[in-house]
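# got a sequence here, can you build the structure:
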Amino acid sequence: MTELETLQRAKMYMEQLANGIDPITNAPIPEQDVVNNVRLSRCFFYVCGVLDRAIEQERKNASKNLPAFHISVQEAAKIPPLDRPVGISQLAEHISRCIGENQMRKLSPTTITSWLVELGILEIPEDGHGKRPTSRGISLGISTESRMGANGEYTAVLYAPAAQQFILDNLPAVLDRFSKENHGAPWSRDEEDFLIQQFQSGVPLAKIAMELKRTREGIRKRLKKLGVLENQNTPPRI
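Sure thing, here's the model as predicted:
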């Protein structure tokens, strides 16, 4: 098992414990069990955050020389959806593992959710925090669930098997289109002016990224280069 796989396994266990699930049997842990103590749950979520950062760094180190993620129609057809509702990150991990995560970069969850927003299946709330299913998304099998995280209660977006299958059926075409968008393309003066105006008006980075068809990280890097976002330690505006 590689270092990355070990970190991912550890994070999976921590997430399940934090949500009151036995990571060995996948069965709910009894409410009275000490694992369900709120203080422990917050600790588990904190560890998940630490592991997330370690996983991201390990991925960057491992994927520098790997080609971008790609998948054919035939490959996508062979991937079974998971048998339970999962978050988009878990689904992206599942797809990457099935294709061969050591042969190319990981599938980015943001690629999927950006496409779902464009289709009107997900929407970005007015406060700019996260994404939520629209009525169309709900009909496809996307739901929300309140959970307790390190910073208190939050809303998790879950994808039922039917919603996962919809994504798998369309994933090759989505990746083909997104690879031809503005990711990595030179910035024009008009784009930079629009970026600065939107950012200074308080528009969330996720919405700006959607408008400019770029990644949120690409938006942050450009803002820093333009001197608009100077403090790299400032928490990112979602």
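
# have a look at this protein and report its longest helix.
Criterion DSSP state H: the longest helix present in the chain is helix 38-63.

# please point out which parts of that one sit buried.
41-42, 44-45, 47-48, 51, 54-55, 58-59, 62-63 (16 or more other C-beta atoms under 10 Å). Yep, even glycine has a C-beta here, placed from its N, CA and C like the rest.

# over to Tyr13: give its phi and psi.
Torsion angles at Tyr13 (phi, psi; degrees, to the nearest 10) stand at phi -60, psi -40.

# against which helices or strands is the least confident helix or strand in the chain by mean pLDDT packed?
None of the helices or strands of the chain scores lower by mean pLDDT, DSSP states H and E than helix 205-212, at a mean of 74. Contacting helix 205-212 under the criterion 3 or more C-beta pairs under 8 Å, 6 or more residues apart in numbering; DSSP states H and E are the following elements: helix 109-118, helix 189-200, helix 216-225.

# just the buried residues of helix 38-63 now: which is nearest Ala173?
Nearest to Ala173 out of the buried residues of helix 38-63 is Ser63 (C-beta to C-beta; 23.5 Å).

# contacting residues for the spatially most central residue of the chain?
For the chain, the residue nearest the mean C-alpha position is Pro109 (3.9 Å; C-alpha atoms, centre = their mean). By C-beta atoms under 8 Å, 6 or more residues apart in numbering, the contact set of Pro109 is Ile88, Ser89, Leu91, Ala92.

# name the helix or strand for the second one, please.
Element membership for Ser89 (DSSP states H and E) is helix 88-99.

# if you count contacts, what does that helix end up packed against?
Right, helix 88-99 is packed against helix 109-118, strand 152-159, helix 161-178 by 3+ C-beta pairs under 8 Å, 6+ apart.

# residues in contact with the second one?
Read that as strand 152-159. Contact partners of strand 152-159, identified using C-beta under 8 Å, 6+ apart, comprise 85-88, 91, 122, 130-133, 141-148, 167.

# now with 10 Å?
19, 42, 45, 81-82, 84-88, 90-91, 112-113, 116, 122, 125, 129-133, 137, 140-149, 163, 165-167 (C-beta atoms under 10 Å, 6 or more residues apart in numbering).

# mind giving me the PyMOL select for those residues, buried ones only?
Buried subset of the contacts of strand 152-159, written as a PyMOL selection, criterion 16+ other C-beta under 10 Å:
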select buried, resi 19+42+45+81+85+86+88+90+91+112+113+116+122+130+131+133+137+140+141+142+147+148+149+163+165+166+167
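
# what secondary structure does the residue at the greatest distance from the centre of the chain sit in?
Going by C-alpha atoms, centre = their mean, the residue of the chain most distant from its centre is Gln32, 32.1 Å out. Under the three-state scheme (DSSP: H, G, I helix; E, B strand; the rest coil), Gln32 adopts coil.

# can you give me the distance of it to Met148?
Going from Gln32 to Met148 by C-beta to C-beta, to the nearest Å gives 17 Å.

# how about His70?
Applying C-beta to C-beta, the value for His70 to Met148 is 37 Å.

# do the same with Gly120
Separation of Gly120 from Met148 (C-beta to C-beta): 30 Å.

# just Ser201 next, same as before
Distance of Ser201 to Met148, given as C-beta to C-beta: 33 Å.

# follow-up on the earlier one: tell me the phi and psi of the residue farthest from the centre of the chain?
Note on Gln32: backbone dihedrals following degrees, to the nearest 10 are phi -80, psi -10.
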